[in-house]
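Participant: Following is a predicted model, sequence given first.
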Amino acid sequence: MTAVAGTLLRSLGAVAQSVSQVAPTALRGVSQCMISRGTWNTSAWTPLVTTIRHRYYADKLARGPLMKNYGYEEKLHTKGMLPHVVHGKRLPLPIYRPKNGWNEKRALFGQNDYIDILGNGKLKPTDVAYSVPPWLRGFKGNEYQMLLRKRKYFGSVMYRYRPTKYREMEKRIKWLYRYLNQKTKDYYWHKA
């Protein structure tokens, strides 16, 4: 078995030697000893070209440390509990100015909350709800009833001047009508 392997290696060495004579640059990197001797009996295999992995490492050290994020200025405070002071001054705080507790808005806030109890009985809390639209003052009901009330108040005006809003309101009324009459449970039908 070893004799067969030896003859095979010798024949490969002869082929390699003949090829090296034809094209010497083609097999330069394969093996120096195989081309020159034609056998594999050498104890050390040394390639012809040795590569230097860190050829420019000295140049890299001479340039100094690698600069990352050059020109970027961090705006978030990441250095602990104290404020981040760049310019050496205190951070600007707004000057404290106490609010005027006796201006008209603060002094009269909630003045009509108990008007029905403390008043003479003629004025209701719904009558003094000035921020609520007049057609919603004192109204209590669901969305369908609210839209019917709105249509009663503004139907003709909306139809003429805001037709898209009017059409959307009509669509919503129609949908709510169907939902309330067909999809919700009515517990009074069996009493009829």
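Facilitator: Happy to help now that I have it. Being a predicted model, the structure only gives us computed values, none of them experimental.
Participant: quick one: the helices in this protein?
Facilitator: Assigned by DSSP state H, the helices in the chain fall at 2-22, 32-37, 57-62, 104-107, 115-118, 143-161, 163-178.
Participant: and those helices, which one is worst for confidence?
Facilitator: Across these, helix 32-37 has the smallest mean pLDDT, namely a mean of 52.
Participant: any idea of the pLDDT on residue 135?
Facilitator: As predicted, residue 135 sits at a pLDDT of 90.
Participant: That one reaches residue 151, doesn't it?
Facilitator: No - Residue 135 is not in contact with residue 151 according to Cβ atoms under 8 Å; the separation is 10.3 Å. Just so you know, the C-beta spots here come from the backbone N, C-alpha and C atoms, and that holds for glycine as well.
Participant: between these two, who's got more neighbours?
Facilitator: Relative neighbour count places residue 151 above the other of residue 135 and residue 151, with 16 against 12, counting by other Cβ atoms under 10 Å.
Participant: The more buried one against residue 169, yeah?
Facilitator: Yes - Residue 151 is in contact with residue 169 according to Cβ under 8 Å; the separation is 6.5 Å.
Participant: Common neighbours of these two, please.
Facilitator: Between them, residue 151 and residue 169 share these contacting residues under Cβ atoms under 8 Å, 6 or more residues apart in numbering: residue 158.
Participant: Does residue 165 touch residue 158 like I think?
Facilitator: Yes - Residue 165 sits in contact with residue 158 when judged by Cβ under 8 Å, with a separation of 5.8 Å.
Participant: From the neighbour counts alone, determine which of the two ranks first.
Facilitator: residue 158 (19 against 12).
Participant: if I look at the more buried one, how far off is residue 181?
Facilitator: From residue 158 across to residue 181, the span is 24 Å (Cβ to Cβ, to the nearest Å).
Participant: Give the burial count for residue 154, as a bare number.
Facilitator: 16.
Participant: nearest residue to it other than its sequence neighbours?
Facilitator: Distances taken as Cβ to Cβ, 6 or more residues apart in numbering put residue 135 closest to residue 154, at 7.6 Å, once the chain neighbours are dropped.
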